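Enquirer: Sequence plus predicted model, see below.
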Amino acid sequence: MTRHFKIAAALLTLASPAMAESHMSSAVLAGADDFRKCKSCHEIADGGKTIVTGGKTGPNLFGVLGRRAGSVAGFKYGDDLVRAGEAGLVWNEALLAEYIQDPRTFLQDRLGDGAARSRMSFKLRKGAEDVAAYLGSF
């Protein structure tokens, strides 16, 4: 019985990365679909290469994960998002998903300032985690 348990545990350990990758791929695919709602304001472009054509109202979202909030050169961010970035806000999937769901409340909570505002007025209540996973693929 112990031998069977060890074999099963070894197989599960080997299968875990494939299972995680499969889940990640489904989140990325769902996020690509949900990102259609974001394209009116945001593009995804790497230098001169446009990956996803979109609007210029919002900043380019290429490489957003791991980037300090409010820091794309040449883009005019709202003061409160810049302030959050200067206070140490660096985007990861969880924080970006939370922001996408309710930008104003996110900044108010993050800055401890009930008057904080975001220039992004759109709220993506459903699918924000998938969009963040999708953006993490660039």
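Expert: Done, it's in. Worth saying up front: this structure is predicted, and the values here are computed from it rather than measured.

Enquirer: can you pull the buried residues of the host helix or strand of Phe106?
Expert: For Phe106, the host element (DSSP states H and E) is helix 103-111. Within helix 103-111, the residues that count as buried by 16 or more other Cβ atoms under 10 Å are 103-104, 106-108, 110-111. Every residue, glycine included, has its C-beta placed from N, CA and C.

Enquirer: tell me the mean pLDDT over it?
Expert: The average of the pLDDT scores along helix 103-111 is 98.

Enquirer: Just the CA trace of the very next helix or strand once past that helix, in PDB.
Expert: Sequence-wise, the next helix or strand downstream of helix 103-111 (DSSP H and E) is helix 128-135. This file holds the C-alpha atoms of helix 128-135, laid out as PDB (Å, rounded to 0.1, in the frame of the first residue of the first chain):
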ATOM      1  CA  ALA A 128     -10.800  40.800 -14.100                       C
ATOM      2  CA  GLU A 129      -8.600  38.000 -12.900                       C
ATOM      3  CA  ASP A 130      -8.600  36.500 -16.500                       C
ATOM      4  CA  VAL A 131      -7.700  39.900 -18.000                       C
ATOM      5  CA  ALA A 132      -4.800  40.300 -15.600                       C
ATOM      6  CA  ALA A 133      -3.600  36.800 -16.500                       C
ATOM      7  CA  TYR A 134      -3.900  37.700 -20.200                       C
ATOM      8  CA  LEU A 135      -1.900  40.900 -19.700                       C
END
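
Enquirer: quick one: contacts of helix 128-135?
Expert: Contacting residues not belonging to helix 128-135 are listed as 24, 27-28, 30-35, 38, 44, 61, 64-65, 93-94, 96-98, 100-101, 124 [Cβ atoms under 8 Å, 6 or more residues apart in numbering].
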